[in-house]
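*Asks:* Quick one, what's the 3D model for this:
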Amino acid sequence: MSEEASTSCMWCERPFRERLTGGRAQRFCQSSCRRTFHAAVRSWALDAVANGTLAVVDIRNGTRATRALRSWGEQLPSPPDTGSQDDALLDLMTRFLVEVPRHTIEAFVKFRFVEPHQQDDLTAIMAALKRIGRTPSISRIA
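*Replies:* Reported below is the predicted structural model:
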């Protein structure tokens, strides 16, 4: 006898037992959570297209959202100062730039993937991205 897999709903985070009948991986505990998620994502995407941060061609071509959502000509901010150049540990560090579009974080707050006080919390944002099956753009910087 096989054990039933238990997981959490991608929308409401309640635990549920996955079906054993096959098909796509089950991500929602009930159809109302799935419908609510799809409505929220549809609304978010329409807003992103309307405000110019997401192009229909990128949706059609399946371009990764982390690249498609950056506006043309948008300059990346300078990385924050990590301390004195005299710091002996600085030479041992490798720095990375993690890029998540601002409106993605705003949508996470709006749809309660993260709490308002977590909008600058990289761990919370990464967890929310993981819940929807996405990864941010990560670049190594010198």
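*Asks:* okay, CA-based contacts and neighbour counts for the rest of this
*Replies:* OK.
*Asks:* Low-confidence ranges, the protein, go.
*Replies:* Counting by pLDDT under 70, the chain has low-confidence residues at 1-6, 63-91, 142.
*Asks:* What are the boundaries of the strands in it?
*Replies:* 6-8, 15-17, 95-99, 137-141 (DSSP state E).
*Asks:* Pull up the pairing partners for the third one, direction included.
*Replies:* The strands beside strand 95-99 in its sheet (DSSP bridges) come out as strand 137-141 (antiparallel).
*Asks:* Now distance to residue 109 and mean neighbour count too, for the strands of the chain, in JSON lines please.
*Replies:* Converted to JSON lines, the strands of the chain look like this (distance: least, CA to CA, whole Å; neighbours: other CA atoms under 10 Å):
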{"stretch": "strand 6-8", "distance to residue 109": "19", "mean neighbour count": "15"}
{"stretch": "strand 15-17", "distance to residue 109": "22", "mean neighbour count": "15"}
{"stretch": "strand 95-99", "distance to residue 109": "17", "mean neighbour count": "14"}
{"stretch": "strand 137-141", "distance to residue 109": "20", "mean neighbour count": "11"}
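*Asks:* Using CSV, please lay out those strands together with distance to residue 105.
*Replies:* Shown next, in CSV, are the strands of the chain (distance: least, CA to CA, whole Å):
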stretch, distance to residue 105
strand 6-8, 21
strand 15-17, 25
strand 95-99, 11
strand 137-141, 14
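*Asks:* Identify whichever of these lies nearest to residue 128.
*Replies:* Smallest distance to residue 128 across those (CA to CA): 13.0 Å, for strand 6-8.
*Asks:* Quick one: closest of the strands of the chain to residue 40.
*Replies:* Closest to residue 40 of the strands of the chain is strand 6-8 (CA to CA; 18.7 Å).
*Asks:* In this protein, where's the longest helix?
*Replies:* Using DSSP state H, we find that the single longest helix of the chain is helix 31-50.
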